[in-house]
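J.: what follows is a predicted protein model with its sequence.
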Amino acid sequence: DEHVKNPWLRGLLDLECFVISGLKADATSAAIMAFTYAERHKEEGCVYDYPIGGSMALVDALARGVRKHGGKIALRSPVDQIVCDETGKACGVRLRRG
């Protein structure tokens, strides 16, 4: 890279960008990283929030919500058709197996 010549610093920047965006520095928005660095270095401090129980806790909560409202979850099930209501809004799926 023409701006960052030090390999250690380039690696650090790539890591920081990957943690935030999932991409290396050369593919990450400068605005996102500027905001992130500004938040991290506020005088009053910064908090990174993570779900208690990890990201799987989010999946589990979504699944509970679907089931609570009468929905069913079918993993590894090929979809035959997306079912729409009378207004054309998707309201379910029809699986290949029925």
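T.: That came in fine, so what should we check first? Just so you know, these numbers come straight off a predicted model, no measurement behind them.
J.: would you agree residue 23 is in contact with residue 17?
T.: Yes - assessed by CB atoms under 8 Å, residue 23 is found in contact with residue 17 at 6.2 Å. Using the backbone N, CA and C atoms, a C-beta is placed for each residue, glycine as well.
J.: do you know the pLDDT at residue 2?
T.: pLDDT for residue 2: 80.
J.: same question, residue 98
T.: For residue 98, pLDDT reads 79.
J.: now residue 18
T.: At residue 18, pLDDT is 91.
J.: how many neighbours does it have?
T.: Using other CB atoms under 10 Å, the number of residues around residue 18 comes to 14.
J.: look at it and tell me its secondary structure.
T.: helix (DSSP: H, G, I helix; E, B strand; the rest coil).
J.: what comes up buried for the helix or strand of the chain with the lowest mean pLDDT?
T.: Across the helices and strands of the chain, mean pLDDT, DSSP states H and E gives its lowest value to helix 30-40, namely a mean of 86. Of the residues in helix 30-40, 33, 36 count as buried by neighbour count, 16 or more other CB atoms under 10 Å.
J.: strands along the protein, start to end?
T.: Along the chain, counting by DSSP state E, strands occupy 79-84, 90-95.
J.: adding distance to residue 65, write those strands out as CSV.
T.: Conversion of these to CSV gives the following (distance: least, CB to CB, whole Å):
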stretch, distance to residue 65
strand 79-84, 20
strand 90-95, 16
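J.: nearest to residue 37, of those?
T.: The closest of the strands of the chain to residue 37 is strand 90-95. By CB to CB, the value is 40.2 Å.
J.: so residue 94 versus residue 83, what's the distance?
T.: Distance, residue 94 to residue 83, by CB to CB, to the nearest Å: 6 Å.
J.: got a list of what the residue of the chain most remote from its centre touches?
T.: Residue farthest from the centre of the chain, counting by CA atoms, centre = their mean, is residue 86 at 32.3 Å. By CB atoms under 8 Å, 6 or more residues apart in numbering, residue 86 lies in contact with nothing.
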